[in-house]
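**Student:** sharing a model prediction with you, sequence too.
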Amino acid sequence: MPVLWRRIYIFVVSLIPFALLVYKTVTNQLGADPAKTIVLFTGEWAIYFLFITLAVTPLRRLISSKKIHFRWLQTHRRMLGLFTLFYAILHVLAFLVFILGLDFSLFGKELVERPYILITIPAVILLIALGVTSTQATMRRLGKNWIRLHKCIYLIAILAWLHVFMQVRSSYFDAVLFGVILLVLFLSRVYLSVRK
């Protein structure tokens with residue numbers, strides 16, 4: 001499949017969660033607490049895309065063979081990373097609009113009552129920095145510093161997991177599952193570095 005068609009396909013598929021959210025909003029299918037549903041939904045998809053982005057290199061280098069290869073995914077890693085940013089921004093905006101009602105005087109109170117928000121702030125700032133510097137021109141301009149900057153994705157992933165873990169009230173299933181996925185992704189990269 002040509003690169004352009006793959007890009008279009010990945011772009012459309014990546015927008016499906018957003019389209020589903022819009023559909024459920026318009027048709028009043030968001031449950032008893034629509035605001036909370038929107039915030040959780042966008043946050044979950046931000047983490048899903050973060051994991052998918054982190055999985056590209058291990059898939060390409062560990063699983064690729066003559067018959068099955070994931071080299072084509074590397075070309076689209078930037079787009080997957082930008083969709084991580086897209087859903088993360090939606091997550092933050094949903095919180096500010098639907099939970100706070102854009103009343104920023106409540107923000108300090110929310111930080112006290114929901115300390116996991118503090119974890120989100122640096123993660124989102126770093127994601128924005130990675131998104132802004134994801135162009136080829138910036139890559140050439142920054143050189144090796146670009147690689148150092150984009151290694152922040154590991155820190156972002158840890159902060160995202162802590163954000164989930166600190167919200168646990170009863171079931172630890174999601175937090176443990178996300179933690180295991182993150183551990184596997186990190187260990188695979190450590191293995192690749194050692195092997196290299």
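**Tutor:** Arrived safely. Residues are numbered from 1 along each chain as shown.
**Student:** residues near Thr53, how many?
**Tutor:** 25 (other C-beta atoms under 10 Å). (Glycine included, C-beta is placed from N, CA and C.)
**Student:** show me the contacts for it.
**Tutor:** Arg77, Leu80, Gly81, Thr84, Ile153 (C-beta atoms under 8 Å, 6 or more residues apart in numbering).
**Student:** now, which of those residues sits nearest Val12?
**Tutor:** If you rank these by distance to Val12 using C-beta to C-beta, Leu80 comes first, at 13.5 Å.
**Student:** which residues are in contact with that closest one?
**Tutor:** Ile10, Ser14, Phe49, Ile52, Thr53, Val56.
**Student:** helix or strand next in line after the helix or strand bottoming out on mean pLDDT in the chain, which one?
**Tutor:** Using mean pLDDT, DSSP states H and E, helix 71-75 stands out as the lowest-scoring helix or strand of the chain, at a mean of 71. Downstream of helix 71-75, the first helix or strand assigned by DSSP states H and E is helix 77-94.
**Student:** what are the buried residues along that following helix?
**Tutor:** 77-92, 94 (16 or more other C-beta atoms under 10 Å).
**Student:** for Ser171, helix, strand, or coil?
**Tutor:** With DSSP: H, G, I helix; E, B strand; the rest coil as the basis, Ser171 sits in coil.
**Student:** what sits closest to Ala35 if chain neighbours are left out?
**Tutor:** Excluding the flanking residues, the one nearest Ala35 by C-beta to C-beta, 6 or more residues apart in numbering is Phe98, at 3.6 Å.
**Student:** next one, pLDDT for the one you found please.
**Tutor:** The per-residue pLDDT reported for Phe98 equals 91.
**Student:** Val26 too?
**Tutor:** pLDDT, read off for Val26, is 93.
**Student:** how close does it sit to Ala19?
**Tutor:** Distance of Val26 to Ala19, computed by C-beta to C-beta, to the nearest Å: 11 Å.
**Student:** and if you look at Leu118?
**Tutor:** 32 Å.
**Student:** do Arg77 as well
**Tutor:** Taking C-beta to C-beta, one finds Arg77 at 23 Å from Ala19.
**Student:** kindly provide the whole-number mean pLDDT of the helix or strand harbouring Leu111.
**Tutor:** Using DSSP H and E, Leu111 sits within helix 107-113. Averaging pLDDT along helix 107-113 yields 82.
**Student:** for it, packing partners?
**Tutor:** Contacts defined by 3 or more C-beta pairs under 8 Å, 6 or more residues apart in numbering; DSSP states H and E place helix 107-113 against helix 116-132.
**Student:** check what contacts the next helix or strand after the helix it packs on and list those residues.
**Tutor:** Next in sequence after helix 116-132, counting helices and strands by DSSP H and E, comes helix 136-142. Contact with helix 136-142 is made by Val132, Thr133, Trp146, Leu149, as judged by C-beta under 8 Å, 6+ apart.
**Student:** cool, thanks, signing off.
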